[in-house]
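>>> Sequence first, predicted model second:
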Number of protein chains: 2
Amino acid sequence: MDTQTVCLGLLTFGEASGYDLKKHFEATLDHVFATGFGSIYPALAALAEGGFIECLGAEGEGPTQRKVYRITARGEEELKRRLATSQPSHKLRSELLALLYFSHLVPPQRVAELLDERIASMEAGLRHLARSGCPGEHRWPGSVRFVNGFASALIEAGVRYMKDHRHLLEQDRTTQP
Amino acid sequence: MDTQTVCLGLLTFGEASGYDLKKHFEATLDHVFATGFGSIYPALAALAEGGFIECLGAEGEGPTQRKVYRITARGEEELKRRLATSQPSHKLRSELLALLYFSHLVPPQRVAELLDERIASMEAGLRHLARSGCPGEHRWPGSVRFVNGFASALIEAGVRYMKDHRHLLEQDRTTQP
DNA sequence: CGCAACATGTAAGCGGTTACATGATTAC
DNA sequence: GTAATCATGTAACCGCTTACATGTTGCG
């Protein structure tokens, strides 16, 4: 389950360019599986090389023009195989939490700033997900709603916890271990 | 905020060997910032090289014996500098959620198995945190309780969401996009 | 006697991040 | 005109993961 596989999966929802896939990531998946152009474009090239996707003739010549890809039958089989056999990980990696573990060595004002910033960015993410989640245009499949909802639930829990327990980081400042 | 900095920070809690640090990670930090021996030992070597920590004479000769480290004054300054200046990230990376995004291509039985496994492992993590959280031996500083509590809150929210919404992954199976 | 836990390290490989490079089109 | 967005790609770097290699101590 690397970026390559996820790109392959996204193409089961319809034809798309690398840029389109990035937009799709930003709309929903980025909250649980972030990816940049530097991963997407090589992934598409490798998938095309393997015959798992095909490029519907680049519109216009040169390296600047839009290249739309479609998944092939072989690609769908490969995707199903990968989805069926991988042992999917699930990890939080938070430099912020690691830093706060040592908040007794950080100026209180900076601790407060870091928390404020994170809460603000989480709340922005929440609003962003709420927008993506009800586009009216077409109903998302249950799987997509599940993942969006999961991200929302986790972010919400994080925000609530930070607001309710940040006082823990302001006490014990005088007691050196 | 890489493994090196976190190791440096953990040494502010007292002298420790690489193995001790790994145990400390496993007890609490692993839930928000996982690390293996392959990161810890090189990190300690580099920190010692830079004069940020010092090795209290290895007990016994050869490469097998326990090597206990202590943070130096220079190390504490460096740590404070790093904690004060870094822009700490905070990211979830879940191959599981990415996979479930395409659950319309996964056998229902496997979806159920994956969810059951993840829920079980999360509940195990919760029990593990509860044990580490009240050791009776000595009261943890507020910062550590904050991080432990955050991890617990997030895992709990994840478990609850998965239990309450897994039905979303079982519908829409017949409707192909 | 064997197994688990203790204890330290190296090296290859993989994959994500970031910076760089380029250029077209659209809106103000 | 000029800034933002659209659009594709490469290459270096960095750090984590994994496998390997080795040896001791304590328990049943």
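Structure's in. What do you need?

>>> and chain A, what are its domains?
As assigned by automatic domain parsing, chain A contains the domains A:3-85, A:95-169.

>>> TSV for the ones you listed, including mean pLDDT?
Listed next are those as TSV, based on pLDDT from 0 to 100:
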stretch	mean pLDDT
domain A:3-85	93
domain A:95-169	91
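
>>> And the helix or strand encompassing A:I40, what does it pack against?
A:I40 belongs to helix A:37-49 when elements are defined using DSSP states H and E. Packing partners of helix A:37-49 (3 or more Cβ pairs under 8 Å, 6 or more residues apart in numbering or on different chains; DSSP states H and E): helix A:3-10, helix A:18-27, strand A:53-56, strand A:68-71. Quick note: C-beta positions are derived from backbone N, CA and C, even for glycine.

>>> So for DNA strand C, which of these sits nearest?
helix A:3-10 (4.0 Å; Cβ to the nearest atom of the strand).

>>> between the closest one and helix A:37-49, how big is the angle?
70 degrees (axes from the mean of the first three to the mean of the last three Cα atoms, to 10 degrees).

>>> how about helix A:3-10 against DNA strand D, any contact?
No - taking Cβ under 7 Å from any atom of the strand as the criterion, helix A:3-10 and DNA strand D are apart, separated by no less than 11.6 Å.

>>> is DNA strand C contacted by that helix?
Yes - Helix A:3-10 is in contact with DNA strand C by Cβ under 7 Å from any atom of the strand, via A:T3.

>>> Just give me how far that helix sits from the chain centre.
12 Å (Cα atoms, centre = their mean, to the nearest Å).

>>> Residues contacting that helix, please?
Under the criterion Cβ atoms under 8 Å, 6 or more residues apart in numbering or on different chains, residues A:16, A:21, A:24, A:29, A:33, A:35, A:39-40, A:43-44, A:46-47, A:52-53, A:71, A:75, A:78-79, A:82-83, A:86, B:98, B:101-102, B:105 lie in contact with helix A:3-10.

>>> Drop anything exposed from those residues.
With neighbours counted by 16 or more other Cβ atoms under 10 Å in any protein chain shown, the contacts of helix A:3-10 contain buried members at A:16, A:21, A:24, A:29, A:33, A:35, A:39-40, A:43-44, A:47, A:52-53, A:71, A:75, A:78-79, A:82-83, A:86, B:98, B:101-102, B:105.

>>> restrict these to contacts with DNA strand D.
Applying Cβ under 7 Å from any atom of the strand to the buried ones among the contacts of helix A:3-10, those adjacent to DNA strand D are A:L44.
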